[in-house]
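**Student:** Okay, here's the prediction I keep looking at, along with the sequence it came from:
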Amino acid sequence: MGSSSISLCVPRVPRVLCVLCVKAFLFTTSASAAAIAVDVGHYLKEPGAISARGVPEFEYNLRLARELAAALRAAGHRTLLIGDDGIVENLGSRAPRAAGMDLFISIHHDAVQPRFLMPWEYEGAARLYSDRFAGYSLFVSRLHPDLQASLNCASAIGAALNEAGFTASRYHADPIVGENRPFADETNGVHYFDNLAVLRTARVPALLFEAGVIVNRAEELRMRDPGVRMRIAASIVAGVNACLPSKPAALQ
């Protein structure tokens with residue numbers, strides 16, 4: 001992607017991830033050790049939204065998913081990273097890989113409906129942006145066999161994000177074509193979205209997390225900030241610790 005691309009090559013854990021892991025460990029509020037599947041939203045052939053600066057969403061998803069998995073492991077949890085190779089095209093096959101785990105989290109970054117996009121130029125290239133919307137969003141499916149467990153974890157993560165100073169987006173609940181996703185928990189930014197393949201096919205508690213709106217020019221820069229991503233990952237760890245029951249030591 002040239003100068004607009006984000007380098008995701010991490011042959012060793014960089015210093016910022018070490019800091020992230022320490023911070024996440026400090027957010028651990030229970031002695032439970034859970035098994036968490038972290039799904040990297042989209043894949044190389046269909047990389048999702050294109051950011052205001054021309055970066056595919058998949059690159060943002062991959063980086064945050066890796067950092068979240070590291071933070072969860074630092075907090076004592078076991079993780080399974082799904083879709084990090086960028087070649088798993090069948091989205092319906094992803095969640096079943098998490099069978100036997102305690103939670104499935106699909107990591108994404110948000111966009112807006114095309115009608116809200118405006119043209120601008122960045123580094124000599126024509127791009128599209130919308131600074132109208134910002135914030136995180138969480139989704140669960142009412143078609144999931146254990147909706148309540150999924151909602152409990154989504155709400156706990158949203159509450160931890162709020163506590164860390166993040167703000168939920170209300171955009172997806174707007175009564176417009178392509179949105180109109182009802183709130184499952186308005187305070188903590190959780191919506192119902194029944195037909196998402198990665199949630200509909202899950203057989204363990206599952207949620208989809210939109211970290212921020214990358215077509216928003218200011219929010220895209222926040223999503224590039226290692227300190228912001230560290231706070232996001234630590235908040236998710238705190239939510240996981242709050243929503244999953246403690247296990248006896250013999251079962252950990």
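**Tutor:** Arrived safely, thanks for sending.
**Student:** can you give me the helices in the stretch 151-252 of the chain?
**Tutor:** Assigned by DSSP state H, counting those that start in this stretch, the stretch 151-252 of the chain shows helices spanning 197-200, 217-224, 226-243.
**Student:** Give me the buried positions along the longest one.
**Tutor:** Translated: helix 226-243. The neighbour-count check on helix 226-243 (16 or more other Cβ atoms under 10 Å) flags 228-243 as buried. Quick note: C-beta positions are derived from backbone N, CA and C, even for glycine.
**Student:** Remind me what it packs against, helices and strands.
**Tutor:** Packing partners of helix 226-243 (3 or more Cβ pairs under 8 Å, 6 or more residues apart in numbering; DSSP states H and E): helix 15-26, helix 57-74, strand 103-110, helix 147-163.
**Student:** other SSEs contacting the third one?
**Tutor:** Taking 3+ Cβ pairs under 8 Å, 6+ apart as contact, the helices and strands that strand 103-110 lies on are strand 35-40, helix 57-74, helix 197-200, strand 206-213, helix 226-243.
**Student:** could you check the angle strand 35-40 makes with the helix or strand following the second one?
**Tutor:** It stands for helix 57-74. Sequence-wise, the next helix or strand downstream of helix 57-74 (DSSP states H and E) is strand 78-82. For strand 78-82 against strand 35-40, the angle by axes from the mean of the first three to the mean of the last three Cα atoms, to 10 degrees is 20 degrees.
**Student:** In this structure residue 50 contacts residue 126, no?
**Tutor:** No. Under the criterion of Cβ atoms under 8 Å, residue 50 makes no contact with residue 126, lying 11.7 Å away.
**Student:** thinking again about what came up before, will you turn the helices and strands packed on helix 226-243 into CSV that also has distance to residue 35, mean pLDDT and mean neighbour count?
**Tutor:** As requested, the helices and strands packed on helix 226-243 are exported to CSV (distance: least, Cβ to Cβ, whole Å; pLDDT from 0 to 100; neighbours: other Cβ atoms under 10 Å):
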stretch, distance to residue 35, mean pLDDT, mean neighbour count
helix 15-26, 16, 45, 17
helix 57-74, 10, 98, 24
strand 103-110, 8, 98, 27
helix 147-163, 13, 97, 22
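**Student:** Let me have these in JSON lines, adding distance to residue 135 as columns.
**Tutor:** Putting the helices and strands packed on helix 226-243 into JSON lines (distance: least, Cβ to Cβ, whole Å) gives the following:
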{"stretch": "helix 15-26", "distance to residue 135": "21"}
{"stretch": "helix 57-74", "distance to residue 135": "15"}
{"stretch": "strand 103-110", "distance to residue 135": "8"}
{"stretch": "helix 147-163", "distance to residue 135": "9"}
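**Student:** Nearest to residue 202 among those would be which one?
**Tutor:** With respect to residue 202, and counting by Cβ to Cβ, the nearest of those is strand 103-110 at 5.1 Å.
**Student:** Alright, calling it a day.
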